[in-house]
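Asker: Any chance you can model this:
(one chain, ligands or ions: 1)
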Amino acid sequence: MNYTLTINGKRRSVDVAPEMPLLWVLRNELGLVGSKFGCGMGVCGACTVHVDGQAQRSCSLPISDVGTAKIVTIEGVGATPVGQRLQKAWLDIDVAQCGYCQAGQIMSAAALLQQTPKPGHEDIVSGMSGNICRCATYDRIQKAILNAAG
Ligand code: FES
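Answerer: I've put the predicted structure just below:
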């Protein structure tokens, strides 16, 4: 099936099976490999992207369910003020260790700050609870989000 998607502000067409998860469309069809495959079951958050501004797990979202929604990935989030502030905060305090989960972490953090511009500690803990980091960089992630919130 042919699908036309809006990804990071650009229209992109793909010809894939309806059940193909958005993650594989991004990575294998469009070369946007910043979103990572972790669990493939919607549990770890490594594949998080924005779908109409909401953080969503692209590993468990079939392409046929995307419709006309606007997709933003880690490759495009830096074009938003929140994304820019988060990327700077991430670098300033050197959040990443192995780095594998960090694209998903930043996408969840961006959705959190877009909805709650001045989050408290509890907002951050609950907003980020679906993103797992095997290196346990949670303290630095929380600090970077607070710094980015200003
Ligand atoms: Fe999608 Fe883990 S790879 S939630």
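Asker: T116: how many residues sit nearby?
Answerer: The number of residues packed near T116 is 13, by other Cβ atoms under 10 Å. (Glycine included, C-beta is placed from N, CA and C.)
Asker: Can you list phi and psi of it for me?
Answerer: With angles defined as degrees, to the nearest 10, T116 sits at phi -130, psi 90.
Asker: Report the spatially closest residue to it, excluding sequence-adjacent ones.
Answerer: D123 (5.2 Å; Cβ to Cβ, 6 or more residues apart in numbering).
Asker: Settle this for me: the one you found is touching Q115, isn't it.
Answerer: No: if you go by Cβ atoms under 8 Å, D123 and Q115 don't touch, sitting 9.2 Å apart.
Asker: How is this structure partitioned into domains?
Answerer: If you go by automatic domain parsing, the domain ranges for the chain are 2-72, 77-149.
Asker: quick one: which of D123 and Q115 has more around it?
Answerer: Between D123 and Q115, D123 has the larger neighbour count (other Cβ under 10 Å), namely 16 against 13.
Asker: ok, then the element right after the strand or helix carrying the more buried one?
Answerer: Using DSSP states H and E, D123 maps to helix 121-127. With elements assigned by DSSP H and E, the helix or strand that comes after helix 121-127 is helix 138-149.
Asker: Show me what counts as buried in stretch 99-106.
Answerer: Y100, C101, Q102, A103, G104, Q105, I106 (16 or more other Cβ atoms under 10 Å).
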